[in-house]
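Q: predicted structure and sequence below. I'll ask about it afterward.
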Amino acid sequence: MPQLIKGKATICIVNYKTLDLTRLCLRSIRKFTNYPYEVIVIDNNSQDESLDYLKSLSWIRLIEHRPEKDKAYGGHAHGIALDISLKNCNTEFFVSMHSDTFAQKHNWLTELISYFQDDKKIASVGAGKLELSPTWQLILKKATDIRTFKRKLLRTADPTGKYRYYNRTICSLYRTDILINENLSFNPDTELTSGKKLYFELVDRGYKTIELTQSIMNPYVIHLAHATQVINPSEFDLRKKTAKKYNRLINKIMSSDMTQSILNDHSLDQ
């Protein structure tokens, strides 16, 4: 295992044809991050202007990856890209961050890393789904979750398999040495998404994890769910109703004053 740099994090972002989102993600990191860090961007064979943009940045480590044709995008491509970044990581912490996720609070990374509390057995800090829906909708959704209600009523165990909770790679932090020593991979099984199997293995091997609620996580980062699919409709199978909903949310966030100020601040590329 390489000698890891203490007190520093490697932020990994996987890019696939999301120019404006990737630009916003990277510039937000540049603007709001004070904790020592470096950024590795894995491009999954975009062959478009988003790759040209990444090549223009001197402050990131760009790795161009060409997945197999049947794994050009989706969970497998994303998981393989995260594994490539992990192999190139030499810092104490490894951070997975989707290209449709961006920081919105100063010291966001410092505060999230503080949840590790110098406990060497804590392997991951993160959250589950991060949605842009209003708080009242999230509360209502949770209150009307029949599956959870029946489980609590019947006092049955938490779900296993694909319904089991996990810290999602939307924005999750890991101790690099644990991932390397345990020889873990972000590449998913057939029915799982990237990082899900890895999280299960961490828990099953006795490591501690910190599971942050959406209300705690939301002030740190914004996640534009399904943005990659919405932006590239010809390459992803997304229902029209779902695409319409998320396209509306994406447009709202992308046109906000904070987002526009970041996108118009070209100095953040330097």
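A: The structure has been received and is ready for your questions.
Q: pLDDT weak spots in the stretch 51-200 of the chain?
A: Low-confidence regions of the stretch 51-200 of the chain, defined by pLDDT under 70, span residues 68-73, 132-162, 190-192.
Q: which residues touch the residue nearest the centre of the chain?
A: Centroid-nearest residue in the chain: I170, 2.2 Å away (criterion: CA atoms, centre = their mean). Going by CB atoms under 8 Å, 6 or more residues apart in numbering, I170 touches 96-98, 101, 126-127, 129-130, 221, 223. Placement of C-beta: from N, CA and C, glycine included.
Q: I'd like to know which of those residues is nearest to V203.
A: Using CB to CB, G126 comes nearest to V203 of the contacts of I170, at 12.5 Å.
Q: in the sheet, who's paired with the closest one?
A: For G126, the beta-bridge partners are E211 (DSSP bridges).
Q: how many other residues sit next to it?
A: G126: 25 surrounding residues under other CB atoms under 10 Å.
Q: quick one, strands of the stretch 151-270 of the chain?
A: Along the stretch 151-270 of the chain, counting by DSSP state E, counting those that start in this stretch, strands occupy 171-175, 208-212, 221-223.
Q: extract the CA atoms of the second one and return them as PDB.
A: Output in PDB follows, covering the C-alpha atoms of strand 208-212 (Å, rounded to 0.1, in the frame of the first residue of the first chain):
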ATOM      1  CA  LYS A 208     -18.300   1.400  11.600                       C
ATOM      2  CA  THR A 209     -20.100   3.800   9.300                       C
ATOM      3  CA  ILE A 210     -21.700   7.100   9.800                       C
ATOM      4  CA  GLU A 211     -25.100   7.500   8.200                       C
ATOM      5  CA  LEU A 212     -26.100  11.100   7.800                       C
END
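Q: show me what it is packed against.
A: If you count contacts as 3 or more CB pairs under 8 Å, 6 or more residues apart in numbering; DSSP states H and E, strand 208-212 packs onto strand 122-127, helix 196-204.
Q: highest mean neighbour count out of these?
A: Mean neighbours per residue, mean count of other CB atoms under 10 Å, is largest over the helices and strands packed on strand 208-212 for strand 122-127, with a mean of 24.
Q: and which of the contacts of I170 is nearest E49?
A: H98 (19.5 Å).
Q: so the closest one touches I13, yeah?
A: Yes - the pair H98 / I13 is scored as a contact, 7.4 Å apart, by CB atoms under 8 Å.
Q: and the two? Which one has more around it.
A: Between H98 and I13, I13 has the larger neighbour count (other CB under 10 Å), namely 27 against 24.
Q: please identify which helix or strand holds that one.
A: Per DSSP states H and E: I13 is located in strand 5-15.
Q: CA atoms only: put that strand into CSV for me.
A: What follows is strand 5-15 as a C-alpha-only set of coordinates in CSV (Å, rounded to 0.1, in the frame of the first residue of the first chain):
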residue,chain,number,x,y,z
ILE,A,5,-0.8,11.7,3.1
LYS,A,6,-2.5,12.4,6.4
GLY,A,7,-4.9,15.2,6.7
LYS,A,8,-5.7,15.3,3.0
ALA,A,9,-8.5,14.0,0.8
THR,A,10,-8.8,12.9,-2.9
ILE,A,11,-12.1,13.8,-4.5
CYS,A,12,-13.1,11.6,-7.4
ILE,A,13,-15.5,12.7,-10.0
VAL,A,14,-16.6,10.6,-12.9
ASN,A,15,-17.5,12.5,-16.1
